[in-house]
Each structure stands twice: as C-alpha cells, then as structure tokens.
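Peer 1: Sequence unavailable; structure follows:
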Ligand SMILES: CCCCCCCC/C=C\CCCCCCCC(=O)N[C@@H](CC(N)=O)C(=O)O
Ligand SMILES: [Zn+2]
Ligand SMILES: [Zn+2]
C-alpha cells in the first residue's frame, strides 16, 4: 500500500471531482488527476510484472492480471470513476470533501462507484503484497463515463478485448446490494445478484406553435399542449408486468423468511400474485421492479415573459421492464399521448439486457454466492434479480453471457436515496468489508472446485 491508510485512499478519491455533467461534458482535469492518484496509492499494482495497465479512451483504465494457469477462462471486474454532479445544497458535509466522520466517509461516489474502484485495486494491492499469484487471469476495467453512456470508456474497452479475441467466463459490476428494510415485515437482509438490467429510453417530446403577443394568447400554447401530454404520461403508469418477470422467482426464494401468513402468500403466487403485485406497486422503489417507469426529467420552454412560446420540449426517462421492448413502450407512449401536435424524438434507447444464468453450473453466480456466505454469514438468502439502473456491463455482452451486478454492501431505503441524491456516504466498516469481499472473491475464483449442487431441505 502507498502512503495512505485503508480508508484514506477513499477520502483522497472522493476529493477529486470526476463529474460527468452532460452527454459530452466531463471533467478531464479531474479524470487525469484520478489516474495519477491511483498510480500513487497502489504502487504495487502498477509495478507488478504480471499486471498490465492500459489507458483507454484517454481516462479509462484496463488492467490485465495474467494468471499462472492459461487453461482457466478469465473473468472481469468492473467499476467506474466518474460521478454525477453534486451541488452543495442539502449536504451535511461538502460532497467532494471526502470527510471521514463518525465512522463514515462522506461524499459523492462513496456508494456509486469510487468505493468499488478503490476496493478492487486495494484488494489486488494487498494480494500482491502477500506475493499472491492468481491462477485464473482476470481483467479490471474502470470506466470514466459510465454516468453518461460509457461510449468512450466501457464500449472502447469492450471493442479492444473483442479484437484481441478475449472471451470471459463472467463479469461482475456494480448494481444490486444486500438489501435491508425494503420490504415491510422482512427484518432480515437479503442479497440480490442482478442477472439482468432494465432497458432505458430518453424520449424528447416537442410541440411547436406560432409565436405572438402574449396580450392576445391563443386557446392553447406549446407549453399547455406539452404539459397536458406529459401529465397524461405521468398519470398513466405502464402496465404491471409482475407475472412475467424474475421478481416472482426472487419472492419465492424469500418466502420462507417471512412470518405467517406472508410466507404462505409468497409461496403461492399462482393464487396470490395479483394481491402481491398490487402491494409491490404501492411503494415507489418496489414499483420500479414490476413495470416500465416513467420519469419526467427535463422541461424547457419560453423565451420571454410576454412572448407566446414557439417551442416547448420535455425529456422523459423510461426504464424498460425486462418483459417489454423499447418498441412496445414507444407504442404505448404514443397511444397515451394521443395528440399529433406532439412530436417524438428518441434521443437514446436500450432494450433490457439478456438474463445471465444463475443455476448450479453458473461459475460467476456461484462464486458470488459462496463469497457472500463467507463474508456475510448472517445473510441467509442470495437470490437472482433485476437491476433497475443501467451499468457499464451492458457494453460487454459481446464477451460473455454471464454478467452479474452486485455490490457487496448493505443498502437501506435511505442510502438508496443518497445514490445520485444527497448525503451519499459509506461506513468505514462497509468499505473494509468490500475490500475483504474482493480479496476473497479473487482467491475463490482460483480454487479448483467446480460449483457443486447443494442439498435442499426436504
Ligand atoms: C424484492 C426486492 C426489493 C428490491 C428493492 C430495490 C432496491 C434497489 C437497489 C439497488 C438499485 C441501485 C441501482 C444502482 C444502479 C447504479 C448505476 C447507475 O447509476 N447508472 C446510471 C447511469 C447509466 N449508465 O445510465 C443510470 O442512470 O442508470
Ligand atoms: Zn454507478
Ligand atoms: Zn450512478
């Protein structure tokens, strides 16, 4: 390890404002500084002969850790160094201070996702310092533009590895967590490994009308027409897809942890499915698990107080349920808006990602499960699920069919709100446990043992 303490390295990382502001706006100075920073705090990683380091797309980092046994298929760990903006307002401590107080490191990126960047490199640094030589090769890919698409980071790394003929056994990225307090009546935490992620559409709606003097307004303006259209969309949720999704499987795995009568209800979803799906959609977080969500995120109109606005534009961010496609959602949207004065411009669209295997033979899934059981022995349930956000891992479907999105951290509804929100923080203990998790995971990936079917209680 360099000159800094275990958590000191995170503090320093948070301090560098690697903010992705908009589609093409990144803080290149901070990203370059971040590159220098990781070199200084993880010297062993950078000087080890069997660890190759490359800078891709100017600010992303690819590490190739050459294992001693070429017969084992390599895997890849992902994380990203950029963060979303964080204006000072509402924060208990300035978001880029990286202050350590009361057992927590505070600041933007402590959960999303500098914690993973630093924990992966720190775990590798510690292993190398102990002269550990991995058997299975692995890659570490640290994107620099995940929050605005991953086109210059993850996408370029993916293309480069494909050109080199690399195929991966599996990928582990950010995504789901060990969830605590999301389901009423369920006191115990449970780990969800996301085996797919929702799709996304950024749709711009635009209305053009003839400008004129505001003293004699027309019956409807571009703002009024557009406001009515977006309001219809907000008031008309997309269909509840509960019956067709992975969530049913997740809930069945959780069933026996609930007290009576919830355990019976969840074990008999063929009967109680409609009731359960109505309960799930009542909460805004769990609602995101049963349908395509509709978020009105931007609205622009008007040029002057006394001018009838010629153009009004709104952007809507949809997160597409894995049981639907982008095309299906766009059809539904057009039917809901039902006004041909409203133009549709799809700014970007991604279909939901394929479902990765989670059976007994799925190496990546089983290694995660095994490491969760070892590092978090109090967590009884590990189940596959859906990631409601998008991750850099979506750019790597050309290299593997096994993509798992899991952060080895506890998450409660309050900390969930801090991601992209205010007062994002990580406890020192949680960060140290994340390092331990990766430290063990890398070693578990080197064991001979193939995942073996485990016995089920009868
Ligand atoms: C029965 C299960 C209950 C589960 C409750 C759901 C709790 C949700 C838990 C974690 C979700 C956290 C999502 C993190 C995704 C982070 C990735 C991200 O921010 N991506 C951005 C950028 C992008 N690439 O588009 C995004 O906008 O999605
Ligand atoms: Zn992230
Ligand atoms: Zn994010």
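Peer 2: Alright, I've got the coordinates. For clarity, every value in this text was computed on a predicted model and none was experimentally measured. Ligands and ions are numbered 1, 2, ... in the order given.
Peer 1: Just the pLDDT for whatever residue of the chain ends up closest to ligand 1.
Peer 2: The chain approaches ligand 1 most closely through residue 389 (2.6 Å), counting by C-beta to the nearest ligand atom. Backbone N, C-alpha and C define where each C-beta goes, glycine included. The model reports residue 389 with a pLDDT of 96.
Peer 1: Identify the residues contacting it.
Peer 2: Taking C-beta atoms under 8 Å, 6 or more residues apart in numbering, we find residue 389 in contact with 175, 197-198, 319.
Peer 1: Now pLDDT and secondary structure too, for those residues, in a markdown table please.
Peer 2: Formatted as a markdown table, those follow (pLDDT from 0 to 100; DSSP: H, G, I helix; E, B strand; the rest coil):
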| residue | pLDDT | secondary structure |
| --- | --- | --- |
| 175 | 97 | strand |
| 197 | 97 | strand |
| 198 | 97 | coil |
| 319 | 98 | strand |
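Peer 1: and these near ligand 1, which?
Peer 2: Applying C-beta under 6 Å from any ligand atom to the contacts of residue 389, one finds that residue 175 fall near ligand 1.
Peer 1: Which residues of the stretch 51-200 of the chain lie near ligand 1?
Peer 2: Counting by C-beta under 6 Å from any ligand atom, the residues of the stretch 51-200 of the chain near ligand 1 are 112, 146-147, 174-177, 179, 182-183, 192.
Peer 1: Can you say which of the residues you listed are buried?
Peer 2: Buried subset of those (neighbour count, 16 or more other C-beta atoms under 10 Å): 112, 146-147, 174-177, 179, 182-183, 192.
Peer 1: Now, those that are in strands?
Peer 2: Among these, the ones falling in strands (DSSP state E) are 174-177, 179, 192.
Peer 1: which ones are touching the residue nearest to residue 255 when sequence neighbours are not counted?
Peer 2: Distances taken as C-beta to C-beta, 6 or more residues apart in numbering put residue 266 closest to residue 255, at 3.7 Å, once the chain neighbours are dropped. Each residue near residue 266 by C-beta under 8 Å, 6+ apart is listed here: 251-252, 254-255, 258, 272, 276.
Peer 1: For those residues, point out the one with the lowest pLDDT.
Peer 2: Within the contacts of residue 266, pLDDT reaches its minimum at residue 258, with 83.
Peer 1: Just put the ones in strands among the buried ones among the residues of the stretch 51-200 of the chain next to ligand 1 in TSV and tack on distance to residue 160.
Peer 2: Formatted as TSV, those follow (distance: C-beta to C-beta, whole Å):
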residue	distance to residue 160
174	21
175	23
176	28
177	30
179	35
192	31
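Peer 1: what's the most distant pair in the residues you listed?
Peer 2: Of all pairs drawn from those, the one with the longest distance (C-beta to C-beta) is 174 and 179, at 14.6 Å.
Peer 1: Closest one of the contacts of residue 389 to ligand 2?
Peer 2: residue 175 (8.5 Å; C-beta to the ion).
Peer 1: can you tell me how far the closest one sits from residue 298?
Peer 2: 25 Å (C-beta to C-beta, to the nearest Å).
Peer 1: And for residue 192?
Peer 2: For residue 192 relative to residue 298 (C-beta to C-beta), the value is 31 Å.
Peer 1: again with residue 316
Peer 2: 9 Å.
Peer 1: so which strand or helix has residue 126?
Peer 2: Per DSSP states H and E: residue 126 is located in helix 114-129.
Peer 1: which residues in the stretch 201-350 of the chain form strands?
Peer 2: Applying DSSP state E, counting those that start in this stretch to the stretch 201-350 of the chain gives strands spanning 293-301, 311-320, 343-350.
Peer 1: Redo the ones you listed as CSV? Include mean neighbour count.
Peer 2: Converted to CSV, the strands of the stretch 201-350 of the chain look like this (neighbours: other C-beta atoms under 10 Å):
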stretch, mean neighbour count
strand 293-301, 15
strand 311-320, 20
strand 343-350, 13
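Peer 1: who wins for proximity to ligand 2 among the ones you listed?
Peer 2: Short answer: strand 311-320, nearest of those by C-beta to the ion, at 14.5 Å.
Peer 1: Columns distance to ligand 2 on top of the ones in strands among the buried ones among the residues of the stretch 51-200 of the chain next to ligand 1, output as JSON lines?
Peer 2: Output for those, formatted as JSON lines (distance: C-beta to the ion, whole Å):
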{"residue": "174", "distance to ligand 2": "5"}
{"residue": "175", "distance to ligand 2": "8"}
{"residue": "176", "distance to ligand 2": "12"}
{"residue": "177", "distance to ligand 2": "12"}
{"residue": "179", "distance to ligand 2": "17"}
{"residue": "192", "distance to ligand 2": "16"}
